[in-house]
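Colleague: Prediction below, plus the sequence it came from.
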Amino acid sequence: MRSQSSQNTQTSLLGLPPAQNGTHSVRLKAKPSQLVLVETPGRVNLARWTSPTDHGDIIEFMRQFGYVGATDFKRRCSERTFTIRKQLLLSTFRAVKERNRGIKTLSQFTPRLIPLILEYWSEEVSEGKMRHGFDTQVQDFSVLTWFWRMHGVKVDPIRDYVEDPQLKLKFCRTSVATRDKSWSGNGVDVDAKIEEARAVDPVVARLIFLAKTYGLRAKETLFVRPHEDDKGDRLRLSRGTKTGRPRDIVYEDFDEQAFQSAIEDVKAELSPGDHAAWKGRSLKEARRRLYYVLECIGLTQKASGVTFHGLRTQWAIEQFENLTGTAAPVRGGGSIDYQRFADVRRTISRAMGHNRIRVTSAYYGSFFKMRKAAESRFRENWNRLEPHLSGLLDILDSFGITNLWLVGRRADGSNHMAAEAYEFLIDERNHVVSAAKVTAEVVRYLETSERLGVPVIVHVASMHGEKAKRAWSENALPLFDVEAPLFKNFTPAMEPASGAGQGGTGSAHGRAHGIDAGEQA
């Protein structure tokens, strides 16, 4: 039998000894690294579950198979995933039994019930609010798919069970990021927020710094012990990881000097053996405190469009860009086959704790996905602008200007925010009597709510240097030159369109560069 002193050496969920002030810390239960299964996943007999109770067989099923991975049966899922699975199966099965009295046991819980399940999830529980939103339904459906897959039952994608063509689109899910969810990508200055957090709670500032520097999950920042986990050439995470698997973040794979300097700064704030979070708090208490402070300084999805996990997204994007010298897809990276960067992607995936390099596309996107998304965004940008080209042309004609170029992020579909500005360029070869007047007229005309309703910026090429001109030349789109094709670079010379103001192509319809039915095809 263990002595009392031996028992007191047990660690809390945050890796600390029990508090000395009379409170007790929750202990972290050890989990086996390998799953020991009685039956083979994928071959479990569904007919074996004959208990008449709502929960008996589900609890037993979860006891035996609840930690089995969804795609890799040898992989162990996290405690959080286990809990989500159990709760979803219990609530959904109970609801199905209430709505279909013929369902008595779990053995009858088959894919034929999917329409009934989707109907239950889509019920309106309050004004304009469904029981489960579309995104949540997609996530929940993956749990049901996993359950039936354990029994060798094939299930079609959720959208195949939806009859309404418009609703089908809402059930399409991709694991590839098409929007930048990082803090910096949403206009949040990380360093400024660290200082803001430091004024409220220095511990939160330290946790933000760790997540920003090493791409850690929130739970991992709470568990990390800098003095112990810093191995000189790497940061070894063995506590708080998603599935309990340890991983190394090797400094030399990224910015070795910066990574080593950062961990030394954190160690200077702590004593040997301390973790980065608060002393004497349980995991639940620490998480509550972390998110409370984040809310106090405006770091929520609602307030600023970001979450703590966005720091992990930012880390993945920045490492990808630093190691490849190429902009990440979610930040407007070109349509490049990034199989070239397989080694980089693998390095980032390994540091983030993902077995599959495809998973990191959820952070920095896919060039192939973004190519389609960029084209879609460009068409939206163009359709928004096209109705106002005739009035815009009248303004240009009154100043003797023959052409105008659409530039910036909206010119190639790399814009991600609805309120992002439209940028235009006046060719330096054009004779402009008063640049201030023409730019003011264009801005006044387009910025109104009944037209574009977003900021409008007009650049005059002659007022900018060669660096700016080269940047514009990469994606500029001529608005009133019918011969200039879409998505083709133009030379910095930017010759004005010939025949302006004459018959034929001189009309607003003939001179505006539009997208006709043939081009769309």
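Modeller: Great, that's in hand. Residues are numbered from 1 along each chain as shown.
Colleague: In contact with the nearest residue to residue 238 once chain neighbours are set aside, which residues are there?
Modeller: Nearest-residue entry for residue 238: residue 246, 4.1 Å, with adjacent residues in sequence omitted and distances by Cβ to Cβ, 6 or more residues apart in numbering. The C-beta positions use only the backbone N, C-alpha and C, and glycine is treated the same way. Going by Cβ atoms under 8 Å, 6 or more residues apart in numbering, residue 246 touches 236, 237, 238.
Colleague: can you map out the strands along the stretch 351-500 of the chain?
Modeller: For the stretch 351-500 of the chain, strands defined by DSSP state E, counting those that start in this stretch occupy the ranges 405-407, 422-426, 456-460, 477-478.
Colleague: same for the first one, what does it pack against?
Modeller: Spelled out, that is strand 405-407. Using 3 or more Cβ pairs under 8 Å, 6 or more residues apart in numbering; DSSP states H and E, the elements in contact with strand 405-407 are strand 422-426, strand 477-478.
Colleague: about what we covered before: rebuild the strands of the stretch 351-500 of the chain as CSV, extending it with distance to residue 109.
Modeller: Output for the strands of the stretch 351-500 of the chain, formatted as CSV (distance: least, Cβ to Cβ, whole Å):
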stretch, distance to residue 109
strand 405-407, 55
strand 422-426, 53
strand 456-460, 57
strand 477-478, 55
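Colleague: closest one to residue 90 among those?
Modeller: For residue 90, the closest of the strands of the stretch 351-500 of the chain is strand 422-426, at 51.2 Å, according to Cβ to Cβ.
Colleague: hmm, back to that, who wins for proximity to residue 188 among the helices and strands packed on strand 405-407?
Modeller: Of the helices and strands packed on strand 405-407, nearest to residue 188 by Cβ to Cβ is strand 422-426, at 23.0 Å.
Colleague: burial measure for residue 450, as a count.
Modeller: Counted by other Cβ atoms under 10 Å, the residues lying close to residue 450 total 6.
Colleague: Strands of this structure, start to end?
Modeller: 124-126, 129-130, 234-237, 247-250, 405-407, 422-426, 456-460, 477-478 (DSSP state E).
Colleague: Let's test this: mean pLDDT of the fourth one, rounded?
Modeller: So the one you mean is strand 247-250. For strand 247-250, mean pLDDT is 90.
Colleague: just to revisit the earlier point, and the strands of the chain as JSON lines, adding distance to residue 317 and mean neighbour count?
Modeller: Output for the strands of the chain, formatted as JSON lines (distance: least, Cβ to Cβ, whole Å; neighbours: other Cβ atoms under 10 Å):
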{"stretch": "strand 124-126", "distance to residue 317": "37", "mean neighbour count": "8"}
{"stretch": "strand 129-130", "distance to residue 317": "33", "mean neighbour count": "11"}
{"stretch": "strand 234-237", "distance to residue 317": "20", "mean neighbour count": "20"}
{"stretch": "strand 247-250", "distance to residue 317": "16", "mean neighbour count": "18"}
{"stretch": "strand 405-407", "distance to residue 317": "24", "mean neighbour count": "23"}
{"stretch": "strand 422-426", "distance to residue 317": "23", "mean neighbour count": "24"}
{"stretch": "strand 456-460", "distance to residue 317": "25", "mean neighbour count": "17"}
{"stretch": "strand 477-478", "distance to residue 317": "27", "mean neighbour count": "24"}
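Colleague: Give me the contact list for stretch 146-165.
Modeller: 41-46, 61, 65, 68, 70, 85, 89, 110-111, 114-115, 118, 137-138, 141, 144-145, 168, 171-172.
Colleague: What are the buried residues along it?
Modeller: Of all the residues in stretch 146-165, those buried under the rule 16 or more other Cβ atoms under 10 Å are 146, 147, 148, 149, 150, 151, 155, 158, 161, 162.
Colleague: circling back to that earlier point, want to try a markdown table for the strands of the chain, with distance to residue 227 as columns?
Modeller: Formatted as a markdown table, the strands of the chain follow (distance: least, Cβ to Cβ, whole Å):
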| stretch | distance to residue 227 |
| --- | --- |
| strand 124-126 | 49 |
| strand 129-130 | 48 |
| strand 234-237 | 12 |
| strand 247-250 | 16 |
| strand 405-407 | 52 |
| strand 422-426 | 50 |
| strand 456-460 | 51 |
| strand 477-478 | 56 |
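Colleague: among these, which is nearest residue 224?
Modeller: Residue 224 sits nearest to strand 234-237 of all those, at 6.6 Å, using Cβ to Cβ.
Colleague: Residue ranges in the chain under the pLDDT threshold?
Modeller: 1-38, 164-180, 243, 328-342, 354-372, 428-434, 474, 481-521 (pLDDT under 70).
Colleague: Find the centremost residue of it, please.
Modeller: By Cα atoms, centre = their mean, the chain has its centre lying nearest to residue 181, at 4.6 Å.
Colleague: so it touches residue 308, yeah?
Modeller: No: Residue 181 lies out of contact with residue 308 (Cβ atoms under 8 Å); the separation is 11.3 Å.
Colleague: Now do the domain split for the protein, please.
Modeller: Domain assignment for the chain by automatic domain parsing gives 46-170, 184-365, 375-520.
Colleague: ok now the second one, how far from the chain's centre?
Modeller: Pointing back at domain 184-365 there. In terms of Cα atoms, centre = their mean, to the nearest Å, the centre of domain 184-365 is set 14 Å apart from its chain centre.
Colleague: again with stretch 374-390
Modeller: 26 Å.
Colleague: what's the answer for stretch 467-479, then?
Modeller: Averaged C-alpha coordinates place stretch 467-479 at 29 Å from its chain's average position (Cα atoms, centre = their mean).
Colleague: now for that stretch, what's the gap between its first and last residues?
Modeller: Across stretch 467-479, the terminal residues are separated by 23 Å (Cα to Cα, to the nearest Å).
Colleague: ok, now which ones touch residue 141?
Modeller: By Cβ under 8 Å, 6+ apart, the contact list for residue 141 reads residue 158.
Colleague: ugh, typo on my part, it should be residue 116
Modeller: 96, 99, 100.
Colleague: Filter those down to just the buried residues.
Modeller: residue 96.
Colleague: coming back round to it: okay, the domains of the chain, which one's buried deepest?
Modeller: Across these, the average number of neighbours (mean count of other Cβ atoms under 10 Å) peaks for domain 184-365, which reaches a mean of 18.
Colleague: Of the strands of the chain, give the one that comes closest to residue 396.
Modeller: Of all these, strand 422-426 comes closest under Cβ to Cβ, at 8.7 Å.
Colleague: Give me the contacts around the closest one.
Modeller: Here strand 422-426 makes contact (Cβ under 8 Å, 6+ apart) with 381, 385, 401, 404-411, 432, 435, 438-439, 442, 446, 452, 454-461, 472, 476, 479.
Colleague: What strands line up against it, and which way round?
Modeller: The strands beside strand 422-426 in its sheet (DSSP bridges) come out as strand 405-407 (antiparallel), strand 456-460 (parallel).
Colleague: That strand: how far from the chain's middle?
Modeller: A distance of 30 Å separates the centroid of the chain from that of strand 422-426, by Cα atoms, centre = their mean.
Colleague: Among the contacts of residue 246, which one sits closest to residue 300?
Modeller: Closest to residue 300 out of those is residue 237 (26.2 Å), distances taken as Cβ to Cβ.
Colleague: wait, residue 377 sits on residue 413?
Modeller: Yes: between residue 377 and residue 413 there is a contact at 3.9 Å, judged by Cβ under 8 Å.
Colleague: Contact partners for residue 229?
Modeller: So residue 229 contacts 235, 236, 237, 238 (Cβ under 8 Å, 6+ apart).
Colleague: Could you rerun that using 10 Å?
Modeller: 15, 223, 235-239, 246, 248-249, 263, 275-276 (Cβ atoms under 10 Å, 6 or more residues apart in numbering).
Colleague: Please apply the same query to residue 252.
Modeller: Neighbour list for residue 252: 233, 234, 259, 260 [criterion: Cβ under 10 Å, 6+ apart].
Colleague: cool, residue 207 as well?
Modeller: 194, 197, 201, 216, 218, 220-222, 224, 266, 276-278, 286, 289-290, 293-294, 308, 311.
Colleague: Against residue 222, how distant is it?
Modeller: Applying Cβ to Cβ, to the nearest Å, the value for residue 207 to residue 222 is 7 Å.
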